[in-house]
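Participant: Predicted model and sequence below, questions to follow.
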There are 2 protein chains.
Amino acid sequence: MAERILIFDTTLRDGEQSPGYSMNTKEKLEMAKQLARLGVDVLEAGFPIASEDDFEAVKAVAQQLKGGPIVAGLCRARDIDIDRAWEALKHAERPRIHTFIATSEIHIKYKLKSTQEEVLGATVAAVKRAKRYTEDVEFSAEDAHRTDQDFLCRVVEAAIKAGATTINIPDTVGYGLPWEFGQRIADLMARVPGIGRVVMSTHCHDDLGLGVANSLEAVRAGARQIECTINGIGERAGNASLEEVVMALRTRKDLMQFETGIRTEEIYRTSKLLQSITGVSVQPNKAIVGANAFAHEAGIHQHGVLQTPLTYEIMTPESVGVPRSKLVLGKHSGRHAFKKRLEELGVELTEEELNKAFVRFKALCDRKKEVFDEDLLTLVEEEALTTAETYTLEHLQFTSGTNIVPTATVRLRMQEEVAQESGWGDGPVDAAYKAIDLITKIPGKLLEYQLRAVTGGKDAMGEVTVTVEMDGQRVVGRGSSTDVIEASVRAYLHAINKVVARPRSGKTITEKV
Amino acid sequence: MAERILIFDTTLRDGEQSPGYSMNTKEKLEMAKQLARLGVDVLEAGFPIASEDDFEAVKAVAQQLKGGPIVAGLCRARDIDIDRAWEALKHAERPRIHTFIATSEIHIKYKLKSTQEEVLGATVAAVKRAKRYTEDVEFSAEDAHRTDQDFLCRVVEAAIKAGATTINIPDTVGYGLPWEFGQRIADLMARVPGIGRVVMSTHCHDDLGLGVANSLEAVRAGARQIECTINGIGERAGNASLEEVVMALRTRKDLMQFETGIRTEEIYRTSKLLQSITGVSVQPNKAIVGANAFAHEAGIHQHGVLQTPLTYEIMTPESVGVPRSKLVLGKHSGRHAFKKRLEELGVELTEEELNKAFVRFKALCDRKKEVFDEDLLTLVEEEALTTAETYTLEHLQFTSGTNIVPTATVRLRMQEEVAQESGWGDGPVDAAYKAIDLITKIPGKLLEYQLRAVTGGKDAMGEVTVTVEMDGQRVVGRGSSTDVIEASVRAYLHAINKVVARPRSGKTITEKV
């Protein structure tokens, strides 16, 4: 039987801490459930001491994810970090404490202002403390790939002796070349006493586009856990992409006799959910999950593909769960059909969420003749991820054009109260946002604005994602409508409602592996 | 001295033939000039027999690119293909004919419905015919990586004997693992007589995320030319990314003693130009050129980076030309300052283009307080790439909202004539497009719609890119404005004007390497 490679997903930790990908607890839970369906072995839910939000998210995932993957939390090699991580993790069925310290000369000298001997001591102390809480302890040597190999061997040996059950060798800055990184792993496997008793792990960044290749070379050299993220998100150029690592292992089983526990048919949906939650799309040429990954220019003209897909396809779209766009529902579809289709798409909603979604579905049908699966998913995801709404949109109107001053009037409801204001701006979005600011009195600074058409056609739904700085926080809001201005207003209100629901400061600790 | 690796850019051929990345001749010329500034050694301009458009584009690049890279054109191993390629290439200072035929069993059997002996014969005939036109002939064995190695050796040997000066080994379907692909190149280098007299080349696709790694392994094994594209675009998951290959070689010179002729400081600008022309952005975590590639969460909080950038940065943003966003111009800036700043940004405009751009700049200043470099580039790129305008926007007005039927009125000028129509739709964009369709009588089908904010802030300019199917053609249009609806209208008109200027059918031949 093929040997098992453990997939350690760090989408919610390394991925989430990169600019533009932050998620709230509800969003993290939604992702965590999908990652469990995908079949990851270990799920790193966050960095508990980094912020209150991170702590709450790790705790929620630990409490609510039952019968699924091991739940890991990151912590520096310090007592308070480790204690805090355990505080969040202790509710998990299978908790893992993941502690780390930098081992490269440059990090020890400039970041830690410490010495090799102190790092060695901190490693042993951290693993031992973690071990008091749980059997499952992972140790990472931050910036391992730029660490002196003799010292790295000493640190790894000490961590194993102290009780670490997984040893992770990160290429924190994405500096390694495949054969070089593989050689480093092979050398550790050969030289460190006791290394055969623990799981060797890698964590490769993609700064030179080599994250996946370095991970595979590490596996060849003896690593049995790969740390990776959905869509390859993460600090800077991101981490090795989970879908690429997994599909490379599956497609090239002839040369790499390994297997993973990933249900590859869930890959596409997982990728889409992450894009939807963060509002950040992958580029069309993203391997495995990009819009063009299985596309061939001019479709039917490509006679090679028609005759036998194997001429240009080394894996099938079905194997990673890429759906065919189907016409499903229209204005004559009832509540039953709507609910049934959602179930087929794997969406679970509470009765109340379903009712609200159905109202918006009927409103959409009035505007759009053909409602596709993608439209439905956009609509219900927005519903599912909505926080308690303080402000709801009662009415919007605007007028603009060339030589017309863009003007908008907005009416918002806050429980019993209703307020209405108008504003002008350099475009209808700007005008509407100014009117909203007059009502909420929380001036927001728009940092990013993105719009995507959910399906093709002039009557397509537009989904707007905004990143806004408000009240010292950076929040992401999303809204959809066939009217792009209305979608923009809904996105801005979504962001405002998040801020009102959770007035708390952002992260302060941002170290990483 | 370090040995030179030749960079063969196929952005305008393999990149351009993937869905959503098509460019017209003017756009290809703009890209070609920037690729020459970047310092690529070989520039593949297109596939002349694929369509009239492709032929014209290759011819234009061959004629107009002086003192720069070798200009290559792709052709199958058939007389008419080769003759046609030469027809387009003959004006170039340094032309290269790049001919190919599939060599894998699956391609020979199912696509070519041929035999190995016929393929061998076609190879020799094609190289000899190309050789009658030019000394510089490249031969590619399509799907080489899935080809029986003994047969591949025979094909390569025959191509060299027939006069090929460059032998390219493509991993057409992105199937290879790094060590496996490197071994294949090493084996060819060891076994094929005469291989030392020619340049060994690679062309790796990224279907498993290994395009860059495979290219580097090939170089280790003896390859001295890498075929790649800007932003890694190309069929399906795209090609090895030029910027990643080049920066890996530069950053890891300690392990790979090679150099390229690339002026790395031009990388970022080249990447941005391609994104601007095609309207397709790279994801934030794209290595080297993505928005996050050099970003560290929480900026100043990251004390490691502050103290010494080397703790997390293995290359500097400056080395790839990432600019700092600067406030440059405002409503009090005159024509001289505008022109000067454009010159500093490396933009060349004719006097007429400059005049038109300045008018739009002043209009922008009325709406937007701070005009950034990115705004300027968006504005002038739109100007530079505009085709002869048949329809120009004279007036636009629209009104919409919740419970309001979205309504728009558009007035267009066509030389002396002026026409005005109104329309309603499911949103203001839809309404305006319907009004335009009534005037132009060319109903367009909107396939894709994208909007991006050029800079941050509520008063940011929006740049809309639409892909429209009109009159049997698929065209891309772009428009920008602080009003997203106006930008949408400008983008749609841009597409219409392209169709009117060039009523010709699309591609019919779409084979590839």
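Facilitator: Noted; the coordinates are in hand.
Participant: Check the burial of the closest residue to chain B within the stretch 51-200 of chain A by counting its neighbours.
Facilitator: Residue nearest to chain B within the stretch 51-200 of chain A: A:Lys111 (4.0 Å; Cβ to the nearest Cβ). (C-beta placed from N, C-alpha, C; glycine too.) If you count neighbours by other Cβ atoms under 10 Å in any protein chain shown, A:Lys111 ends up with 22.
Participant: Report pLDDT for it.
Facilitator: Per-residue pLDDT puts A:Lys111 at 87.
Participant: ok, it touching A:Thr103?
Facilitator: No: under the criterion of Cβ atoms under 8 Å, A:Lys111 makes no contact with A:Thr103, lying 11.2 Å away.
Participant: Is stretch A:67-85 positioned near chain B?
Facilitator: No: Stretch A:67-85 does not reach chain B (Cβ under 8 Å from any Cβ of the partner chain); its nearest approach is 12.7 Å.
Participant: Kindly export that stretch (C-alpha atoms) in CSV.
Facilitator: The C-alpha trace of stretch A:67-85 is given here as CSV (Å, rounded to 0.1, in the frame of the first residue of the first chain):
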residue,chain,number,x,y,z
GLY,A,67,-15.0,14.1,14.1
GLY,A,68,-12.7,15.9,11.7
PRO,A,69,-9.0,16.9,11.4
ILE,A,70,-6.5,17.6,14.2
VAL,A,71,-6.8,21.3,15.1
ALA,A,72,-3.5,23.1,15.5
GLY,A,73,-2.7,26.5,17.0
LEU,A,74,0.5,28.4,16.5
CYS,A,75,2.6,29.9,19.4
ARG,A,76,6.1,31.2,19.8
ALA,A,77,8.4,29.4,22.1
ARG,A,78,7.3,31.3,25.2
ASP,A,79,5.2,30.3,28.2
ILE,A,80,2.5,32.8,27.8
ASP,A,81,2.1,32.0,24.1
ILE,A,82,1.9,28.3,24.8
ASP,A,83,-0.6,28.7,27.6
ARG,A,84,-2.8,30.9,25.6
ALA,A,85,-2.7,28.5,22.6
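Participant: Could you pull out the helices in the stretch 1-150 of chain A for me?
Facilitator: Ranges of helices within the stretch 1-150 of chain A are A:25-38, A:52-64, A:79-89, A:105-106, A:116-133, A:149-162, based on DSSP state H, counting those that start in this stretch.
Participant: Worst mean pLDDT across the helices and strands of chain A, which element?
Facilitator: helix A:303-307 (a mean of 51; mean pLDDT, DSSP states H and E).
Participant: pLDDT below threshold where in chain A?
Facilitator: Along chain A, segments meeting pLDDT under 70 span A:1, A:296-308, A:323-328, A:346, A:367-370, A:381-388, A:454-459, A:502-513.
Participant: Can you tell me the closest non-neighbouring residue to the residue of it positioned farthest from its centre?
Facilitator: Distance from the centre of chain A peaks at A:Asn403, with 43.3 Å (Cα atoms, centre = their mean). Among residues not flanking A:Asn403 along the chain, B:His395 sits closest, at 6.8 Å (Cβ to Cβ, 6 or more residues apart in numbering or on different chains).
Participant: what sits against the one you found?
Facilitator: A:Gly401, A:Thr402, A:Asn403, B:Thr409, B:Val410, B:Arg411, B:Gln420 (Cβ atoms under 8 Å, 6 or more residues apart in numbering or on different chains).
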